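In: next comes the sequence, and after it the predicted model I'd like to discuss.
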Amino acid sequence: MQAIRNLFRGPWTSAERLEGKTVLITGANTGIGKETAVDLAGRGAKIIMACRDMDKAQAATKEVIERSGNDNVVCMKLDLADSKSIKEFAQAINQGESKLNILINNAGVMVCPYGKTADGFEMQIGINHMGHVLLTYLLLDLIKRSAPARIVTVSSMAHSWGTIKLDDINSEKHYDKQKAYSQSKLANVLFTRSLAKRLQGTGVTAYSLHPGMVQTDLWRHLNGPQRFLMKLVSPFTKSSEKGAKTTIYCAVDPALENESGGYYSDCAPANCSAEGKDDALAQKLWELSCQMLNITWE
């Protein structure tokens, strides 16, 4: 029903300004991350682009500055596949920034061949979920001091096809790259749900979202038949600019100030899967993630 109502809404727009605000976006050198940076920089925010490839990041930073007209944009090295890099990055942010008003957990990998992060996590659950959990944990005190603040995590409708394998979170018994991707995106939804509960009363809110079917670099690992299918549907996909709209909506829309923990699509509340609403599963994943990351987060 929500999807039908969305068809009759005009495109979401907002004149909300962000002067004096600091925004951190992971994976901001390409795709919807870069478009998000352009938009939020255009609203007057300071933008920190957290990227793994610094050559691409520096070129993207220049582009964001030119397109937004805001030169308060910087890029910093962050490899979400390595906890050492995440800790060094978070330390630099905590020491160098007086506030962090919006954290956008945007970076991700999709249906990649089997591999492991520096910490031994399967690459998709490691980058898409574990890396962002650790980053959020390490920055949370700064975010709380900056309240009102928001934490936005980019998930996908693929979460609906996912299951959380608590006994094989790293897909070591069997690896199916599509299932591993869906698991990581379901983990994003469950993490947001758990995070929102723990942040009640702090002035910090959390949101997860599906950006739509967007033509991005994430498609690079698709095989022949999958690439052919995506070419067939490509006329119906979104540009990166349009794909960034729901991220921006979750980051700035005043109507969401008193909402937290929800899942969004097409700049509106959306229904997530039954597993995405499972609080018992969310708690189990939370505990497992903290154990595997060796962090204490009640």
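Out: That came through fine. Numbering: from 1, shown residues only.

In: just the helices in the stretch 101-250 of the chain please.
Out: Counting by DSSP state H, counting those that start in this stretch, the stretch 101-250 of the chain has helices at residues 123-124, 132-145, 177-198, 224-233, 240-243, 245-252.

In: and the longest one, how far out from the chain's middle?
Out: Its chain's C-alpha centre and that of helix 177-198 lie 10 Å apart, by C-alpha atoms, centre = their mean, to the nearest Å.

In: the second one too?
Out: Offset of helix 132-145 from its chain centre (C-alpha atoms, centre = their mean): 14 Å.

In: show me what counts as buried in that helix.
Out: Going by neighbour count (16 or more other C-beta atoms under 10 Å), the buried part of helix 132-145 is His132, Val133, Leu134, Leu135, Thr136, Tyr137, Leu138, Leu139, Leu140, Leu142, Ile143. Yep, even glycine has a C-beta here, placed from its N, CA and C like the rest.

In: circling back to that earlier point, so which of the helices of the stretch 101-250 of the chain gets nearest Asp71?
Out: Checking the helices of the stretch 101-250 of the chain against Asp71 by C-beta to C-beta gives helix 245-252 as the closest, at 20.4 Å.

In: and the contacts of that closest one?
Out: Outside helix 245-252, the residues that touch it by C-beta atoms under 8 Å, 6 or more residues apart in numbering are 11-12, 14, 16, 18, 23, 32, 36, 39-40, 43, 102, 104, 106, 150, 152, 154, 207, 209-212, 256, 264-267.

In: buried subset of these?
Out: Neighbour counting with 16+ other C-beta under 10 Å marks 14, 18, 23, 32, 36, 39-40, 43, 102, 104, 106, 150, 152, 154, 207, 209-212, 256, 264-267 as buried within the contacts of helix 245-252.

In: which of the helices of the stretch 101-250 of the chain sits closest to Glu298?
Out: With C-beta to C-beta as the yardstick, what comes closest out of the helices of the stretch 101-250 of the chain is helix 177-198 (7.5 Å).

In: can you give me the angle that closest one makes with helix 132-145?
Out: Comparing the axes of helix 177-198 and helix 132-145 via axes from the mean of the first three to the mean of the last three C-alpha atoms, to 10 degrees yields an angle of 20 degrees.

In: please renumber so the chain begins at 23
Out: Shifting the count to begin at 23 puts that one at helix 199-220.

In: could you list every helix and strand in contact with helix 199-220?
Out: helix 145-146, helix 154-167, strand 171-176, strand 226-232, helix 301-315 (3 or more C-beta pairs under 8 Å, 6 or more residues apart in numbering; DSSP states H and E).

In: among those, which comes closest to Ala114?
Out: Between Ala114 and the helices and strands packed on helix 199-220, the shortest separation by C-beta to C-beta is 10.8 Å, and it involves helix 154-167.

In: for that closest one, packing partners?
Out: Contact analysis of helix 154-167 by 3+ C-beta pairs under 8 Å, 6+ apart lists strand 44-48, helix 105-118, strand 124-127, strand 171-176, helix 199-220, strand 226-232, helix 301-315 as its packing neighbours.

In: between helix 199-220 and the last one, find me the angle.
Out: Looking back up the chat, that one is helix 301-315. Inter-element angle recorded for helix 301-315 and helix 199-220: 100 degrees (by the same axes, to 10 degrees).

In: what comes up buried for helix 301-315?
Out: Using 16+ other C-beta under 10 Å as the test for burial, helix 301-315 gives Leu303, Ala304, Leu307, Trp308, Ser311, Cys312, Met314, Leu315.

In: same deal with the longest one?
Out: By neighbour count, and taking 16+ other C-beta under 10 Å as the criterion, the buried residues in helix 199-220 are 199, 201-218.

In: how far away is the nearest residue to Lys121 once chain neighbours are set aside from Asp75?
Out: Leaving aside its chain neighbours, Lys121 sits nearest to Ser168 (4.0 Å; criterion: C-beta to C-beta, 6 or more residues apart in numbering). As judged by C-beta to C-beta, to the nearest Å, Ser168 and Asp75 stand 28 Å apart.

In: same question, Thr48
Out: As for Thr48, its distance to Asp75 is 13 Å (criterion: C-beta to C-beta).

In: more neighbours, those two?
Out: Ranked by neighbour count (other C-beta atoms under 10 Å), Thr48 and Asp75 place Thr48 first, with 27 against 14.

In: low-confidence ranges in the stretch 73-222 of the chain?
Out: Applying pLDDT under 70 to the predicted model, the stretch 73-222 of the chain contains no residue that meets it.

In: related to what we said a few turns ago, the helices of the stretch 123-272 of the chain: which one's closest to Glu119?
Out: In this view, the helices of the stretch 123-272 of the chain are compared for proximity to Glu119 by C-beta to C-beta, and helix 154-167 is the closest at 6.7 Å.

In: perfect, that will be all.
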